[in-house]
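Undergrad: sequence unknown, structure follows:
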């Protein structure tokens, strides 16, 4: 038996939700003082309204290790956790920490945490591929090897409707944002091999931008008849169908999936590297078991000390947050860290 856990940056189709093998672990979004959990209670219209009214860029925080551990606590022997790219979020590091802690008490489980090097439907397609491998009877190690090869050949593309989120986040000057808006410039973005985001091109107007995105896609895509294409949209089904028609005119894919993006697309390019600071607060609030507290604070502090998570970007000074995590572990453990 297997289970596929995907952080909520990835979409689940209705079929995926109903087959019992898939589960979502929610990220948390913050708009001004409002914290919004990206789960079944998510109100897209209200979120979009808050984002439009705010002068600040929306922020995001990855699922805590606790949330991942709860999802891992199941009857499945093979557990696969698919996360938003580690270059964009701390979700991968959080899931790795959860895996290490969970396996201490569940040594019989086989768990693989997978860096999608993508986002959104990129995660969804990886999940579907894993399910197909499991249904074909492959053993755990073969599935893990195959999914690594699958990710290496996967590409993600998207077009930004507006540069307002980039402007609010300080990644684009007011002048450049105003100029782009006046000229109706739409950037065409894509994933890199490492899983970060790059600008591939730009076009004036959404129709030309979609045409350019299809062109960029076809430049790196071979054997379309053996590949599955997924299109995700946020509150713009007509445009998604328009894109589907453009693609079908130039290529014949094995299958084209159309999925609804629950979290606003304005947040997607700005998905911050998951702050261990935020995760630390979540752990402090939710954990009651002293032993687990000690293990997690120690894990967070050690990862921060090594500086391998690229986090602390959303909560002030990194050194102060690192010291806070270290001191929390020292306080709970009652000993001195060196």
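TA: Okay, I see it. Here the structure is a predicted model, which is why all the values come from computation and not from measurement.
Undergrad: worst-scoring helix or strand of the chain, pLDDT-wise?
TA: helix 276-286 (a mean of 33; mean pLDDT, DSSP states H and E).
Undergrad: which SSE is residue 45 in?
TA: Per DSSP states H and E: residue 45 is located in helix 44-53.
Undergrad: isn't residue 2 right next to residue 21, touching?
TA: Yes - at 6.2 Å, residue 2 counts as touching residue 21 under the criterion of C-beta atoms under 8 Å. The way it works is simple: take the backbone N, C-alpha and C, and place the C-beta from them, glycine included.
Undergrad: can you get me a residue count around residue 240?
TA: 17 (other C-beta atoms under 10 Å).
Undergrad: next: residue 251.
TA: 16.
Undergrad: how close does it sit to residue 183?
TA: Distance of residue 251 to residue 183, computed by C-beta to C-beta, to the nearest Å: 30 Å.
Undergrad: and for residue 2 and residue 21, which residues touch both?
TA: Residues touching both residue 2 and residue 21 (C-beta atoms under 8 Å, 6 or more residues apart in numbering): 131, 134.
Undergrad: let me see the mean pLDDT of the helix holding residue 45.
TA: Helix 44-53 comes out with an average pLDDT of 81.
Undergrad: now do stretch 223-242
TA: 88.
Undergrad: cool, stretch 74-90 as well?
TA: Across stretch 74-90, pLDDT averages out at 95.
Undergrad: how far does it sit from its chain's centre?
TA: Distance of stretch 74-90 from the chain centroid (C-alpha atoms, centre = their mean, to the nearest Å) equals 10 Å.
Undergrad: distance check, residue 163 against residue 239.
TA: From residue 163 to residue 239 the distance is 18 Å (C-beta to C-beta).
Undergrad: for this structure, what spans make up the helices?
TA: 14-18, 44-53, 65-72, 91-105, 121-135, 140-152, 164-168, 174-182, 206-219, 237-250, 276-286, 290-306, 318-333 (DSSP state H).
Undergrad: where among these is average confidence lowest?
TA: Note on these: lowest mean pLDDT is at helix 276-286, with a mean of 33.
Undergrad: buried ones in stretch 34-44, by neighbour count?
TA: 36, 38, 42 (16 or more other C-beta atoms under 10 Å).
Undergrad: please tell me I have it right and the first one contacts residue 26.
TA: When you say that, I think you mean residue 36. No - look at residue 36 against residue 26 with C-beta under 8 Å: they stay out of range, at 9.6 Å.
Undergrad: residue contacts, the residue most central in space within the chain?
TA: Nearest to the mean C-alpha position of the chain, counting by C-alpha atoms, centre = their mean, stands residue 84 at 2.6 Å. Contacts for residue 84 (C-beta under 8 Å, 6+ apart) come out as 7, 9-10, 27, 62, 91-92, 116, 118-119, 123, 271.
Undergrad: now the closest residue in space to residue 68 that isn't next to it in sequence: how far from residue 62?
TA: Leaving out its chain neighbours, the residue that sits closest to residue 68 by C-beta to C-beta, 6 or more residues apart in numbering is residue 98, at 3.5 Å. The spacing between residue 98 and residue 62, counted by C-beta to C-beta, is 11 Å.
Undergrad: look at those two and report which has more neighbours.
TA: Per other C-beta under 10 Å, whichever of residue 98 and residue 62 has more neighbours is residue 62, with 33 against 27.
Undergrad: pLDDT score for the more buried one?
TA: pLDDT, residue 62: 90.
Undergrad: wait, doesn't it sit right on residue 85?
TA: No - judged on C-beta under 8 Å, residue 62 makes no contact with residue 85 at a distance of 11.5 Å.
Undergrad: in stretch 182-194, what counts as buried?
TA: Per 16+ other C-beta under 10 Å, stretch 182-194 contains these buried residues: 185-191.
Undergrad: return the residues in contact with the spatially closest residue to residue 3 that is not a sequence neighbour.
TA: In space, and not counting its chain neighbours, residue 3 is closest to residue 76: 3.8 Å by C-beta to C-beta, 6+ apart. By C-beta under 8 Å, 6+ apart, residue 76 lies in contact with 1-3, 109.
Undergrad: report the buried members of those residues.
TA: 2-3, 109.
Undergrad: before we move on, back to that, how far away is the residue nearest to the centre of the chain from residue 212?
TA: Counting by C-beta to C-beta, the separation of residue 84 from residue 212 is 25 Å.
Undergrad: what's the neighbour count on residue 241?
TA: The number of residues near residue 241, taken as other C-beta under 10 Å, comes to 13.
Undergrad: residues contacting it?
TA: Listed by C-beta under 8 Å, 6+ apart, the contact set of residue 241 reads residue 258.
Undergrad: can we start the residue count at 153 from this point?
TA: Okay, using 153 as the starting number, the last item reads as residue 393.
Undergrad: could you measure from it over to residue 293?
TA: Residue 393 is 40 Å from residue 293, where distance means C-beta to C-beta.
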